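J.: Quick check, what structure comes out for this input:
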Amino acid sequence: MSANVKWTDVSNNTHALWYKDAGLRRNVALGLGLCLVIATNASILIRCTAQGYQGSLLTGFQAMPAWQKFFNHPKGALLGIYAAAFFIPSILTAFIGDYISTKIGRRWCIIIGNVIILVGTLVNTFATSIGMWVGGRAIIGSGVGIVKVAAPVLIQEIAHPRLRPILGSCYQTFAYLGSFFAAFMTFAGLYVPGNWGWRFPSLLQTIGPCAVIIVAVVCPESPRWLLKNGRSEQALTVLAELHANGDKEDPLVKLEMREINAAIERELSRNNASFLDFLRTPGNRRRLIVLVALACSLNWMGNGIITYFLAPILRSVGITAPVQITLINVGLAIWNLILAGLAAVYCDKAGRRPLFLTSVAGMFCAYVVVMGLSAGFAQTKSTALGTAVIPFLFIYFGFYDIAFTPLPIAYTVEILPFNIRSKGMALFTSTATLANSFNQFVNPIALEALAWKYYAVYLGILIFYFVFIFFVFPETKRLSGEDASRVFDYDRKGRPLQEPSEDVEHAEVSLEHEKQGSVSAVETQLKPKHED
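T.: All right, here's what the predicted structure looks like:
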């Protein structure tokens with residue numbers, strides 16, 4: 001019997017429950033370990049540990065009297081420069097990350113980037129002047145730009161097919177783990193006398209990059225990168241160890257090897273991939289549009305104001321005590337981590353489009369209320385109105401978390417074919433960095449000049465994104481990585497677009513099943529596979 005083979009059609013030497021399977025446990029541990037990249041830094045587009053911690057530090061520092069005194073109470077344009085200094089270097093270093101990731105591997109890209117982050121963190125911690133502190137943030141941002149190109153890609157390229165959606169979605173979610181620790185440490189810093197109140201949380205940031213470097217050293221290289229560079233035996237070993245507990249004859253491992261080989265052979269038959277490939281076919285042009293929209297969405301949904309300027313916002317509605325502001329920051333971090341974590345686990349069951357649309361609609365409603373309460377407080381100075389803003393900030397972030405924390409990077413990686421994947425992530429990182437740098441420079445100036453009226457700008461942006469997502473974003477629920485990238489080459493009725501892109505042509509495979517369910521033959525044909 002012949003059949004079109006999906007990964008779910010073949011037997012696999014793993015337990016049905018991942019936590020009872022040694023290979024899958026290692027797969028999860030490596031994936032979550034790499035997610036520490038975002039938790040350690042700040043929040044540009046990917047929100048990981050590196051992102052979440054660094055981003056939340058600036059929010060927490062603004063509530064600390066010692067930090068305010070050392071930096072001469074920055075506000076307006078100066079505060080915007082402090083925020084943007086972290087992001088601006090990533091605009092260029094993301095392309096360096098693409099080069100490193102392509103030439104010497106995903107792992108080395110992550111290691112090099114985290115060494116740079118570590119250096120910047122030490123400069124930040126022991127800064128003796130404002131210029132040195134800002135320079136340290138710029139060094140950290142340079143490393144983050146390099147790391148963010150490779151980390152989300154490696155997570156998905158080593159993940160077992162049934163774990164890929166969850167591990168990919170956890171990447172951004174880990175930003176809130178970093179946010180929680182940053183908020184907690186800045187709260188503790190309120191009770192540390194002098195400048196060490198803000199230096200100590202900065203010093204703790206060294207834990208993140210050190211942990212990521214250790215994970216990257218023990219993590220195997222991407223099997224796709226290994227095959228591309230002629231190291232097929234190593235690629236087979238990696239797939240067997242992580243996806244089949246070391247069984248190189250496992251049907252799933254054989255199927256994955258054939259599919260990856262087929263894709264790479266097609267790439268080698270053409271010229272080397274370049275950034276111009278995003279303009280050459282209808283499918284890639286659609287990918288580019290979605291990629292840019294998602295990159296901008298990370299901090300243009302109104303969350304950029306709250307994330308980086310929580311302290312000034314709360315002061316604008318009458319909440320001025322440093323302890324109150326910091327505790328609210330801690331509470332938001334915990335709330336965000338819980339909601340984003342649940343969304344990451346269930347995103348493949350709910351579907352990408354429903355989550356995106358529900359998220360935008362909910363954020364719009366919550367933002368309308370926040371704007372109204374802020375306007376009422378500005379006119380009446382009513383403490384009740386000012387305090388009422390707080391629960392709606394939590395509601396707003398709850399809706400943000402169900403889609404725009406777990407999905408943007410995971411969705412971007414899965415819609416990009418292998419040969420342009422790292423280039424796509426470089427574009428994603430640079431675009432998000434550029435958009436966020438502009439946003440973070442403008443936000444404090446606009447907030448100072450317009451106060452609550454500035455929220456209306458983001459209401460308009462939310463309306464735009466709802467319409468854009470509804471008409472442009474395809475669903476990738478329960479699709480494999482290859483199938484997810486292929487949906488951009490077909491219209492809604494499954495018909496191929498004019499000039500379908502070759503790099504995402506699907507390898508049609510037929511499988512002869514033996515009684516034991518093993519693979520006896522796999523034939524590869526270079527023709528698109530249509531699915532409703």
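J.: any idea which helix or strand carries the residue nearest to residue 218 when sequence neighbours are not counted?
T.: The shortest distance from residue 218 to any residue that is not its chain neighbour, by Cβ to Cβ, 6 or more residues apart in numbering, is 7.8 Å, and that residue is residue 30. Glycine gets a C-beta too; all of them are placed from N, C-alpha and C. Taking DSSP states H and E as the criterion, the element that holds residue 30 is helix 22-34.
J.: Mind checking the pLDDT average for that helix?
T.: The average of the pLDDT scores along helix 22-34 is 92.
J.: thinking again about what came up before, I'd like the distance between the residue nearest to residue 218 and residue 238.
T.: Distance of residue 30 to residue 238, given as Cβ to Cβ, to the nearest Å: 11 Å.
J.: Spit out the residues that contact those two alike.
T.: 158, 220 (Cβ atoms under 8 Å, 6 or more residues apart in numbering).
J.: residues of the helix or strand harbouring residue 471 that come out buried?
T.: Here residue 471 is covered by helix 455-472, with elements defined by DSSP H and E. Along helix 455-472, these residues count as buried under the neighbour rule (16 or more other Cβ atoms under 10 Å): 455, 458, 461-462, 465-466, 468-469.
J.: Stretch 284-292 now?
T.: 284, 286-288, 290-292.
J.: cool, and stretch 369-381?
T.: Taking 16+ other Cβ under 10 Å as the basis for neighbour counts, the residues of stretch 369-381 that come out buried are 369-374, 376-377.
J.: before we move on, back to that, what packs against the helix holding residue 30?
T.: Based on contacts counted as 3 or more Cβ pairs under 8 Å, 6 or more residues apart in numbering; DSSP states H and E, the elements that helix 22-34 packs against are helix 130-158, helix 164-173, helix 207-218, helix 232-244.
J.: Next, the angle helix 164-173 makes with the first one.
T.: Taking axes from the mean of the first three to the mean of the last three Cα atoms, to 10 degrees, one finds helix 130-158 and helix 164-173 inclined to each other by 170 degrees.
J.: how about helix 130-158: buried residues?
T.: Of the residues in helix 130-158, those buried by neighbour count under the rule 16+ other Cβ under 10 Å are 133-158.
J.: what's the spacing between residue 300 and residue 133?
T.: Computed with Cβ to Cβ, the distance linking residue 300 and residue 133 is 27 Å.
J.: Kindly check the end-to-end length of stretch 237-255 for me.
T.: In terms of Cα to Cα, to the nearest Å, the two terminal residues of stretch 237-255 are separated by 14 Å.
J.: which outside residues touch it?
T.: Residues contacting stretch 237-255 (Cβ under 8 Å, 6+ apart): 5, 7, 10-14, 21-24, 26-27, 30, 158, 160-161, 220-221, 223, 226, 236, 256-257, 509, 517-519, 522.
J.: again, 7 Å this time
T.: 5, 7, 10-14, 21-23, 26-27, 158, 160, 220, 223, 226, 236, 256-257, 518-519, 522 (Cβ atoms under 7 Å, 6 or more residues apart in numbering).
J.: before we move on, the earlier item: what's the closest of the buried residues of stretch 369-381 to residue 191?
T.: The shortest approach to residue 191 among the buried residues of stretch 369-381 belongs to residue 377, at 29.7 Å (Cβ to Cβ).
J.: Which strand or helix spans the closest one?
T.: With secondary structure defined by DSSP H and E, residue 377 is part of helix 352-380.
J.: Quick one: work out the angle between the next helix or strand after that helix and helix 352-380.
T.: The first helix or strand that comes after helix 352-380 along the chain, using DSSP H and E, is helix 383-401. Our comparison of helix 383-401 with helix 352-380, counting by the same axes, to 10 degrees, yields an angle of 160 degrees.
J.: and helix 383-401, what does it pack onto?
T.: Contact analysis of helix 383-401 by 3 or more Cβ pairs under 7 Å, 6 or more residues apart in numbering; DSSP states H and E lists helix 322-350, helix 352-380 as its packing neighbours.
J.: got JSON lines for those helices, with distance to residue 113 too?
T.: Supplementary listing: those in JSON lines, determined by distance: least, Cβ to Cβ, whole Å:
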{"stretch": "helix 322-350", "distance to residue 113": "23"}
{"stretch": "helix 352-380", "distance to residue 113": "28"}
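J.: Any stretches of the stretch 51-200 of the chain with poor pLDDT?
T.: Confidence mapping of the stretch 51-200 of the chain against pLDDT under 70 gives the ranges 51-64, 75-77, 79-80, 83-84, 179, 182-183, 186-187, 189-190.
J.: What are the boundaries of the helices in it?
T.: If DSSP state H, counting those that start in this stretch is used as the criterion, the helices of the stretch 51-200 of the chain fall at 65-70, 76-84, 90-103, 106-125, 130-158, 164-173, 175-189, 196-204.
J.: So which elements touch the first one?
T.: Translated: helix 65-70. Taking 3+ Cβ pairs under 7 Å, 6+ apart as the contact definition, the neighbouring helices and strands of helix 65-70 are helix 196-204.
J.: hmm, back to that, mind checking the pLDDT average for the helix holding residue 377?
T.: 89.
J.: what angle do that helix and helix 455-472 make?
T.: 170 degrees.
J.: the inter-axis angle of helix 352-380 versus helix 322-350?
T.: If you take the same axes, to 10 degrees, helix 352-380 sits at 160 degrees to helix 322-350.
J.: circling back: from the buried residues of stretch 369-381, which is closest to residue 232?
T.: residue 370 (55.3 Å).
J.: pLDDT score assigned to the nearest residue to that closest one once chain neighbours are set aside?
T.: Spatial nearest neighbour of residue 370, chain neighbours left out: residue 392 (5.0 Å); criterion: Cβ to Cβ, 6+ apart. For residue 392, the model assigns a pLDDT of 86.
J.: Settle this for me: residue 392 is touching residue 366, isn't it.
T.: Yes: taking Cβ atoms under 7 Å as the contact criterion, residue 392 and residue 366 are neighbours in contact, 5.3 Å apart.
J.: burial measure for the residue lying closest to residue 133 once chain neighbours are set aside, as a count.
T.: Across the structure, with Cβ to Cβ, 6+ apart as the measure, the residue nearest residue 133 apart from its sequence neighbours is residue 127 (3.8 Å). Other residues within reach of residue 127, judged by other Cβ atoms under 10 Å, total 19.
J.: Then residue 487?
T.: Here the count is done by other Cβ under 10 Å, and residue 487 has 20 residues near it.
J.: Go ahead and confirm it touches residue 473.
T.: No: counting by Cβ under 7 Å, residue 487 sits too far from residue 473 to count as a contact (10.1 Å).
J.: What about residue 163? Give its phi and psi, please.
T.: Listed backbone geometry of residue 163 is phi -100, psi -10, with angles given as degrees, to the nearest 10.
J.: any idea how far it is from residue 349?
T.: Residue 163 sits 14 Å away from residue 349 when distances are taken as Cβ to Cβ.
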